[in-house]
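Enquirer: Below are the sequence and a predicted model for it; my questions follow.
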Amino acid sequence: MKKKLLTTFGALVLACSLPLTGNAAGKQRFSDVPPTKHFAEAVYELAERNIIGGYPDGTFKPGNPITRGQAAAIIAKLTKMDLTNVKNPNFKDVSESNGYYKAIAALAEAGIIGGYEDGRYGPNDPIKRGQLASILVKAFDLPRYSFDYTKNPFKDVVYSESHGSNILILYRLGIAGGTSPDRFSINTPVTRGQAAKMMRATEESKPSMESLEAKKLGMDGISNVNWKTGQDLYEPIVVHGIAGYSTDRLQLVPLKEGTAMLNLLGYNGNVPIEQHRYIYKKYYVHVKKVNGELKLTLEETNDYLPTEARLAVAAGEKVENISLSTVDGALLNENVAFKKCEGTQNVCLAIDKPGSYIAKTRLAGGKEVRYAIEAKEPERAVFHYDIKTLREQPSYVFDTKTLFDHNDYYDKEAAENIGKHKIVTRNADEIAKITRDPGTNVFRVTAKKVGTVEVEFENSVYWRIGQTGDAFSGITSGMKITVQEMNGLINISTSQIYEINSDM
């Protein structure tokens, strides 16, 4: 991207309908465009391509504003739009005899330009900087980065402004700056000299990108994309079409060489969202450098990749070895590779086939703990299996203070003084045997069958998650004791019974 193109944003296009001076465009020199002007190179390059022209007196008049009609004509020519058999956009002030009619009609049909609320297009109105930003983004199919994707330096560019996101796209790509460090001047007209430079900057600065219409992907519309967290090989962007003008598209911007993954959610049927027939697809995204430029290709696949199974590890436990077997007892691996799960004390191991498994861990000190693992092919087309794990724990001794381990703050004095407890679940003794050590908050639970027992505290406990100013809080009035079973293994777990404070 050439830094010399980073000047203030300006006018659009020099109307292709304007006459060239007597010499061939390639040899043309305008008396009012000296080489020292920041837009001179762009003016002469576009003139050489017969994209723009000057006046019969040999001038270019770079300070004159560009009109909306001229802008449409130049954009259509630059983007090589088909101007045959255009559909009449029915603007009140653009008849078929208008010199800009075909260009305006073609751009309107493509959803690149629009008119005013009163039905006019205003072909002779000066085009404004904000308007041009949106036209350039759409006409050149630039990456549709969201408004908050780029740090916004302009005080007059806000999310609610119709051109806001497009202005920041041009700024991000180095195509457009402001009229001052903190002002874009959305409603300022664009001049002809600025226009020439803007157009060349857009052509040169558009990143390598694949832009695929939903139909090419076998869909009527695209709902969402998802890709592996942390991948940095490409950027996926969904561009939602406008009914009657354009269809949904998937933009993929390559960043560096390699192979990554893409999960795509779309739908068939031009019907209300509640009637959509959803489609799930997955692709390998290959990024390679070809002739010095990054190129991106998609490869649709039905592959599944090894998926992490997370085994819950208690504080102070250290896993030394893991063996993996089928539920029938067939040993698959007596020394499975594992690692600490990111951001937790738990350990992760990779499962590469769907099925039901038993993992046996040996802890420091010789204790063994078993885990049930279930891996299933997901209903949606994603690269990883749906994984569930359950630690064997048919009996459990705990202090109720551990219920609050994940709260950023809780009333420790209240947690020490929950008072009497009351088991409110009917037939609770059929699910588990529950006792409490006298004079303490220590409970002992032995599982009998799958189910949930609710226990009510005499005194409630206040807690908060998050920091002051960006948090929510609640009141815990009791606990749930849950007995689960998977692959023949039994687990007992506990959780809070709580209500979120209404003032949050």
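Expert: Noted; the coordinates are in hand.
Enquirer: Which strand or helix spans K422?
Expert: strand 421-423 (DSSP states H and E).
Enquirer: Flag every buried residue along that strand.
Expert: Buried positions in strand 421-423, judged by neighbour count with 16 or more other C-beta atoms under 10 Å: H421. To be clear about C-beta, it is placed using only N, CA and C from the backbone, and glycine gets the same treatment.
Enquirer: cool, stretch 471-491 as well?
Expert: For stretch 471-491, by 16+ other C-beta under 10 Å, it's 473-479, 481-484, 486-487, 489-491.
Enquirer: Let me know the average pLDDT across the strand holding K422.
Expert: Here strand 421-423 scores 97 as its mean pLDDT.
Enquirer: for the buried residues of stretch 471-491, which one is nearest D125?
Expert: S473 (55.3 Å; C-beta to C-beta).
Enquirer: I'd like to know how far that closest one sits from N501.
Expert: 5 Å (C-beta to C-beta, to the nearest Å).
Enquirer: Can you name the element that comes right after the longest helix along the chain?
Expert: Secondary structure assigned by DSSP state H gives helix 192-205 as the longest helix of the chain. The helix or strand immediately downstream of helix 192-205 is strand 210-213, counting by DSSP H and E.
Enquirer: By mean pLDDT, point me to the weakest helix or strand of this structure.
Expert: Sorting the helices and strands of the chain by mean pLDDT, DSSP states H and E puts strand 221-226 at the bottom, at a mean of 86.
Enquirer: Report the buried residues of that one.
Expert: Quick answer for strand 221-226 (16+ other C-beta under 10 Å): G221, I222, S223, V225.
Enquirer: Could the C-alpha coordinates of that strand be exported in PDB?
Expert: Provided in PDB are the C-alpha atoms of strand 221-226 (Å, rounded to 0.1, in the frame of the first residue of the first chain):
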ATOM      1  CA  GLY A 221     -28.400 -16.900   2.500                       C
ATOM      2  CA  ILE A 222     -25.600 -16.900   5.000                       C
ATOM      3  CA  SER A 223     -26.400 -16.600   8.700                       C
ATOM      4  CA  ASN A 224     -23.000 -16.900  10.300                       C
ATOM      5  CA  VAL A 225     -19.400 -18.100  10.100                       C
ATOM      6  CA  ASN A 226     -17.300 -19.600  12.800                       C
END
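Enquirer: Neighbouring strands of that strand in the sheet, and parallel or not?
Expert: Applying DSSP bridges, strand 221-226 is found paired with strand 258-268 (antiparallel).
Enquirer: now the helix or strand following the strand it pairs with, how far from the centre of its chain.
Expert: Using DSSP H and E, the helix or strand that follows strand 258-268 in sequence is strand 277-290. Strand 277-290 sits 15 Å away from the centroid of its parent chain (C-alpha atoms, centre = their mean, to the nearest Å).
Enquirer: Not counting its own residues, what contacts the following helix or strand past strand 277-290?
Expert: Using DSSP H and E, the helix or strand that follows strand 277-290 towards the C-terminus is strand 293-300. The contact list for strand 293-300, computed with C-beta atoms under 8 Å, 6 or more residues apart in numbering, reads 208-210, 212, 234, 252-257, 262, 281-289.
Enquirer: cutoff 10 Å now
Expert: 207-210, 212, 216-218, 233-234, 250, 252-257, 259-260, 262, 264, 281-289, 381 (C-beta atoms under 10 Å, 6 or more residues apart in numbering).
Enquirer: Identify all contacting residues around the helix or strand following it.
Expert: Using DSSP H and E, the next helix or strand after strand 293-300 towards the C-terminus is strand 307-311. Contact with strand 307-311 is made by 319, 322, 324, 336, 338-339, 341-342, 344, 346-354, 357, 359, 361, 369-371, 373-375, 378, 382-391, as judged by C-beta under 10 Å, 6+ apart.
Enquirer: buried set for strand 307-311?
Expert: Neighbour-count burial for strand 307-311 [16+ other C-beta under 10 Å]: T307, E308, A309, R310, L311.
Enquirer: bridging residues for the third one?
Expert: On the basis of DSSP bridges, A309 is bridged to L349.
Enquirer: And K318, how far from D82?
Expert: According to C-beta to C-beta, K318 and D82 sit 69 Å apart.
Enquirer: same deal with K151?
Expert: In terms of C-beta to C-beta, K151 sits 39 Å off from D82.
Enquirer: now, which of the buried residues of stretch 471-491 lie within strands?
Expert: 473-479, 481-484, 486, 489-491 (DSSP state E).
Enquirer: show me where pLDDT drops low in the stretch 151-300 of the chain?
Expert: 227-230, 243-245, 270-276 (pLDDT under 70).
Enquirer: Would you mind measuring from R426 to T482?
Expert: Distance of R426 to T482, given as C-beta to C-beta: 16 Å.
Enquirer: quick one: the helices in the stretch 1-150 of the chain?
Expert: Remark: helices assigned in the stretch 1-150 of the chain by DSSP state H, counting those that start in this stretch are 40-48, 68-78, 101-109, 129-139.
Enquirer: Then the stretch 401-504 of the chain?
Expert: 412-416.
Enquirer: now the strands for it?
Expert: Under the criterion DSSP state E, counting those that start in this stretch, the stretch 401-504 of the chain contains strands at 409-410, 421-423, 432-436, 442-447, 451-467, 470-486, 489-500.
Enquirer: now swap in the stretch 51-200 of the chain and tell me
Expert: Using DSSP E, counting those that start in this stretch, strands in the stretch 51-200 of the chain do not occur.
Enquirer: Hmm, P34 and E41 touching each other?
Expert: No - look at E41 against P34 with C-beta atoms under 10 Å: they stay out of range, at 11.6 Å.
Enquirer: Those two: which has the busier surroundings?
Expert: E41 (17 against 9; other C-beta atoms under 10 Å).
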